[in-house]
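*Asks:* Take this sequence and fold it.
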Amino acid sequence: MSIRAVVWDVDDTLFDYTSADRIGMGAHLAAEGLLDGYGTAEQAVAHWREITDQQWARFSAGETTFEGQRRDRVRVFLGEELSDADADKWFRRYMTHYEAAWALFPDVLPVLDALAASHRHAVLSNSSITVQDRKLRTLGVHDRFEVILCAAELGVSKPEAGAFLAACDALELTPDQVAYVGDHPEIDGRGAADAGLLSVWIDRGGVYAGGDAPTRPHRIASLAELPMILGSDTRFGAPSTFG
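*Replies:* Numbers count the residues shown, from 1 in each chain. The predicted model follows:
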């Protein structure tokens, strides 16, 4: 059966989250005078990212709320028992710097343009609709997607099959009619494949080269390769750079 819709991850798939977080947190820590405790700004940001991954795992497992994981990221990073209000204020100051660095990857608009007439488009993210709705509007691509679903509201997160199937249901399509594109080999790549979708794992820069990569997802280095995988009737596209 042909693929009729593409469901997209957002962070580090469409939106360059890693760069925005690195630049934004570096600027925030400098403004807060918090770099002195680290050898370099890169070490401070790496510590923040490690804590972020740990707290996000707790949220994905249902152990805390979306707001709770944000507050705990701040508390663990600072090593202080802050009130909810103080943790929220600290995080909002970080967000000012983070949002100033928001940008799409350069291959995003060309592929969305190329697939606009041939495929429907939706978003499935492990974030919250409040965060991703605003982000997509700010980045100028919100209207490209007819459905935007997020784990915080769904009550189920990737890689659980229920998250991917919810996106299919929202589009009123069966899983074999839907492709999913995401940057994480397990959460996105294997999760979508296990749910029965055509799974496309974008491995920008060959980050996982040499590691234990899932075999079922199509592995691409650039979104320019996506139309060829989908069999889209377009001249846009490039052969895979992975063997």
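*Asks:* Can you name the residues that contact the residue nearest to residue 149 when sequence neighbours are not counted?
*Replies:* Excluding the flanking residues, the one nearest residue 149 by CB to CB, 6 or more residues apart in numbering is residue 124, at 5.1 Å. Placement of C-beta: from N, CA and C, glycine included. Each residue near residue 124 by CB atoms under 8 Å, 6 or more residues apart in numbering is listed here: 7-9, 149-150, 158, 163-164, 166-167, 180.
*Asks:* Wait, a strand at residue 124?
*Replies:* Yes: counting by DSSP: H, G, I helix; E, B strand; the rest coil, residue 124 falls inside a strand.
*Asks:* for this protein, what spans make up the strands?
*Replies:* 5-8, 120-125, 147-150, 178-182, 198-202, 218-220 (DSSP state E).
*Asks:* could you say what helices and strands the shortest one packs with?
*Replies:* The elements that strand 218-220 packs onto, with contact taken as 3 or more CB pairs under 8 Å, 6 or more residues apart in numbering; DSSP states H and E, are strand 198-202, helix 226-230.
*Asks:* Buried deepest among these, which one?
*Replies:* Highest mean neighbour count among the helices and strands packed on strand 218-220 (mean count of other CB atoms under 10 Å): strand 198-202, with a mean of 25.
*Asks:* list the helices and strands it packs on?
*Replies:* Under the contact criterion of 3+ CB pairs under 8 Å, 6+ apart, strand 198-202 touches strand 178-182, helix 191-194, strand 218-220, helix 226-230.
*Asks:* quick one: low-confidence ranges for the chain?
*Replies:* 1, 207-216, 232-243 (pLDDT under 70).
*Asks:* 90 instead, please
*Replies:* By pLDDT under 90, the low-scoring segments of the chain are 1, 35-42, 44-45, 49, 56-57, 59-62, 66, 152, 205-217, 231-243.
*Asks:* Give me the domain ranges for it.
*Replies:* 5-16+103-230, 17-100 (automatic domain parsing).
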